[in-house]
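**Student:** No sequence on hand, only this structure:
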């Protein structure tokens, strides 16, 4: 496709040409020839010398006068001596000069046609005309552009990715096998629609991809378009909504008109919850522009011809707030859930993102997959990229397991803050705090294994203890929650036991422990006294898309019982943690001293330290 020549360049070209014409007219004249009046030329011809008005003396034996247009040149041999002007014919010139005393027997009169281009004509006539025409054209073009802008205000802003561009295919998607299989039907329909129409089958007109951020919804949609080899329209739900009512609906109409012209094709609407929220909901009732846009989407999805091979894919992480009319059969009648990948899926995703990166022999992607439970596909892509950056920073040629494991910590907690200066006392407190977490987790059978302990600050954390589950977990038991609570409160208990006072370093631990304990009582029915029931109904205003209040469906007396049960769980976990730390005080001190010395312990080194014999525990109060 050829691009339009920018109008502003035309204006600049006109200006440059005008400037050039003026320059040549004013400065590019022939040097060295004086200019005078007709009387001066006659005097020079008859007497051989003349004094001009500026007192310049001109001398010469003039033997020829050349007429070239309106210019007369007095010549002495081949030398131009003086120039003047005359308006008239050659006959009139001859009579005029003869009447002034010029002897034609001594002086010859030559006529020559004008040569070159007379820039004075351009300056006096053509250039002003061109400038005026250019000014009128510029004014009208600006007015036309403003009109086009106003007319294009309601056009769709969808980006078109033609089928001829390099595409993403299912080979670039890993870790989501079931959703990929679901969308294979869409690809087959776009490639061979007659296969389905022969059986009277109708492919779903809308497929809603549901999943947490980073699970690959947009990537999977691009892969469907790439596999089918059809145009792909991509737009965000928020791009439909404008300040003016009716613009969003106009953009929806324009989008589907473009899709019909390019069918078979795929229309992908990302974050459709921005425009597809439940109508009439939210603070202050409905939202006219958003609701009109949604109404137009509903009409278009159920209105375009069934023979038109246009499939709408949309992505959201909040399917619960979408309008029911949007999810009914005939519109988004199929939902494909994209969950976070399991260990097998994580390994496959790591292989996809590392295929163009040099990996060291020590870089086991299976080991990295085991250490990244709960990571999404985007997290894993970021992990591999961080490892590559870290490898380049260290001057290495291949990415090793050390860089990959360091990148895991960077993704979880941020980069190390080794430049942070802390005093020896705070370092000692942090070491005993993290050692407490690690020791209690090691001693409790239902806690996850300890993988790494560090007192190097990362992000907002002064230190951290990372537990590594042995397998992906989808169900949690009460004993696992109790072990988790004890592990979280172990740092707080360790500070109290060793130093006799508590610090603010346990703030996040206590907050998370309280949240888990309250969930055990109010959501999971894990309270022996209150029994298997839930308490409280969360109100979610769909216009805001988040929980803004909680409706109490229980009495004040029950609320007191809930508080007592939460307190009981917290207190029990704290007692368990403190008992373990008291019984293993020497091991706690040994771990803390090792952390103070080397700052980070992990893997086999940490396991050896756990199994290493300890000396007699230091007497109480030694560190106080």
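**Tutor:** Now that the structure is in, tell me what you want to look at. Just so it is clear, the structure is predicted and the values come from calculations on it, not from any experiment.
**Student:** For residue 66, give its distance to residue 360.
**Tutor:** 89 Å (CB to CB, to the nearest Å). Quick note: C-beta positions are derived from backbone N, CA and C, even for glycine.
**Student:** Would you map out the domains in the protein?
**Tutor:** 32-116, 159-338, 343-413, 424-611 (automatic domain parsing).
**Student:** Need the ones you listed in JSON lines (columns: distance to residue 16 and mean pLDDT).
**Tutor:** Formatted as JSON lines, the domains of the chain follow (distance: least, CB to CB, whole Å; pLDDT from 0 to 100):
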{"stretch": "domain 32-116", "distance to residue 16": "21", "mean pLDDT": "79"}
{"stretch": "domain 159-338", "distance to residue 16": "37", "mean pLDDT": "77"}
{"stretch": "domain 343-413", "distance to residue 16": "48", "mean pLDDT": "88"}
{"stretch": "domain 424-611", "distance to residue 16": "56", "mean pLDDT": "85"}
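**Student:** Those into TSV, with extra columns for distance to residue 139 and mean neighbour count?
**Tutor:** Shown next, in TSV, are the domains of the chain (distance: least, CB to CB, whole Å; neighbours: other CB atoms under 10 Å):
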stretch	distance to residue 139	mean neighbour count
domain 32-116	35	14
domain 159-338	28	19
domain 343-413	51	19
domain 424-611	46	17
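**Student:** Redo these as JSON lines? Include distance to residue 135.
**Tutor:** Listed next are these as JSON lines, based on distance: least, CB to CB, whole Å:
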{"stretch": "domain 32-116", "distance to residue 135": "29"}
{"stretch": "domain 159-338", "distance to residue 135": "34"}
{"stretch": "domain 343-413", "distance to residue 135": "54"}
{"stretch": "domain 424-611", "distance to residue 135": "52"}
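**Student:** residues touching residue 56, list them.
**Tutor:** Counting by CB atoms under 8 Å, 6 or more residues apart in numbering, residue 56 touches residue 34.
**Student:** Phi first, then psi, for it.
**Tutor:** Dihedral angles of residue 56 (phi, psi; degrees, to the nearest 10) stand at phi -80, psi 130.
**Student:** Need the outlier residue of the chain, farthest from its centre.
**Tutor:** residue 105 (90.6 Å; CA atoms, centre = their mean).
**Student:** So that one, which state does it fall into?
**Tutor:** coil (DSSP: H, G, I helix; E, B strand; the rest coil).
**Student:** Got the phi and psi for it?
**Tutor:** According to degrees, to the nearest 10, residue 105 has phi -80, psi -20.
**Student:** One more: residue 211?
**Tutor:** Torsion angles, degrees, to the nearest 10, at residue 211: phi 180, psi 160.
**Student:** what do you get for residue 55?
**Tutor:** phi 70, psi 20.
**Student:** Tell me which residues touch it, please.
**Tutor:** Applying CB under 8 Å, 6+ apart, no residues contact residue 55.
**Student:** now it: how far from residue 433?
**Tutor:** Applying CB to CB to residue 55 and residue 433 gives a distance of 103 Å.
**Student:** center of the protein - which residue?
**Tutor:** Within the chain, and using CA atoms, centre = their mean, the residue nearest to the centre is residue 236, at 12.7 Å.
**Student:** Pretty sure that one sits against residue 274.
**Tutor:** Yes - in terms of CB atoms under 8 Å, residue 236 counts as a neighbour of residue 274; the distance is 7.1 Å.
**Student:** ok, back up a step: how near is the residue nearest to the centre of the chain to residue 249?
**Tutor:** 16 Å.
**Student:** Could you do residue 52 as well?
**Tutor:** Taking CB to CB, one finds residue 52 at 81 Å from residue 249.
**Student:** Show the residue spans covered by the helices in the stretch 301-450 of the chain.
**Tutor:** 324-327, 343-353, 365-370, 377-393, 401-413, 424-443 (DSSP state H, counting those that start in this stretch).
**Student:** mind putting the ones you listed in TSV, distance to residue 171 included?
**Tutor:** Formatted as TSV, the helices of the stretch 301-450 of the chain follow (distance: least, CB to CB, whole Å):
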stretch	distance to residue 171
helix 324-327	31
helix 343-353	8
helix 365-370	17
helix 377-393	15
helix 401-413	23
helix 424-443	40
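**Student:** Determine which of those helices approaches residue 459 most closely.
**Tutor:** helix 401-413 (4.9 Å; CB to CB).
**Student:** Compute the inter-axis angle for that closest one and helix 377-393.
**Tutor:** 130 degrees (axes from the mean of the first three to the mean of the last three CA atoms, to 10 degrees).
**Student:** Which strands or helices does helix 401-413 pack on?
**Tutor:** Under the contact criterion of 3 or more CB pairs under 8 Å, 6 or more residues apart in numbering; DSSP states H and E, helix 401-413 touches helix 365-370, helix 377-393, strand 464-467.
**Student:** again, only this time at 6 Å
**Tutor:** Secondary-structure packing of helix 401-413 (3 or more CB pairs under 6 Å, 6 or more residues apart in numbering; DSSP states H and E): helix 377-393.
**Student:** The lengthiest helix in the chain to helix 424-443, inter-axis angle?
**Tutor:** Using DSSP state H, we find that the single longest helix of the chain is helix 556-583. Interaxial angle, helix 556-583 versus helix 424-443 (the same axes, to 10 degrees): 100 degrees.
**Student:** from the middle of its chain, how far away would helix 556-583 be?
**Tutor:** 46 Å (CA atoms, centre = their mean, to the nearest Å).
**Student:** and what of stretch 247-260?
**Tutor:** Relative to the centre of its chain, stretch 247-260 is centred 25 Å away, using CA atoms, centre = their mean.
**Student:** Begin at 426, not 1, for the rest of this chat.
**Tutor:** With 426 as the first residue, the last one maps to stretch 672-685.
**Student:** Give me the contacts around stretch 685-698.
**Tutor:** 615, 646, 650, 655-662, 684, 733-741, 743, 746 (CB atoms under 6 Å, 6 or more residues apart in numbering).
**Student:** Could you tell me the end-to-end distance of that stretch?
**Tutor:** 24 Å (CA to CA, to the nearest Å).
**Student:** Please state the offset of that stretch from the chain centre?
**Tutor:** 21 Å.
**Student:** rewinding a little: among the helices of the stretch 726-875 of the chain, which is nearest residue 718?
**Tutor:** helix 749-752 (11.7 Å).
**Student:** who's in contact with the closest one?
**Tutor:** Outside helix 749-752, the residues touching it (CB under 6 Å, 6+ apart) are 701, 723, 757.
**Student:** quick one: residue 624 is in a strand?
**Tutor:** No - counting by three-state DSSP, residue 624 falls outside a strand, being coil.
**Student:** my guess is residue 627 is in a helix, correct?
**Tutor:** No - per three-state DSSP, residue 627 lies outside any helix segment and is coil.
**Student:** Name the surrounding residues that touch whichever strand or helix holds residue 906.
**Tutor:** Assigned by DSSP states H and E, residue 906 belongs to helix 903-924. Helix 903-924 is touched from outside by 857-858, 861-862, 865-866, 869, 871-872, 927-928, 931, 934, 937-938, 945, 951, 998-999, 1001-1003, 1006, 1048, with contacts defined as CB under 6 Å, 6+ apart.
**Student:** re earlier: and the longest helix of the chain, what does it pack against?
**Tutor:** Against helix 981-1008 (3+ CB pairs under 6 Å, 6+ apart) you get helix 849-868, helix 903-924, helix 932-947.
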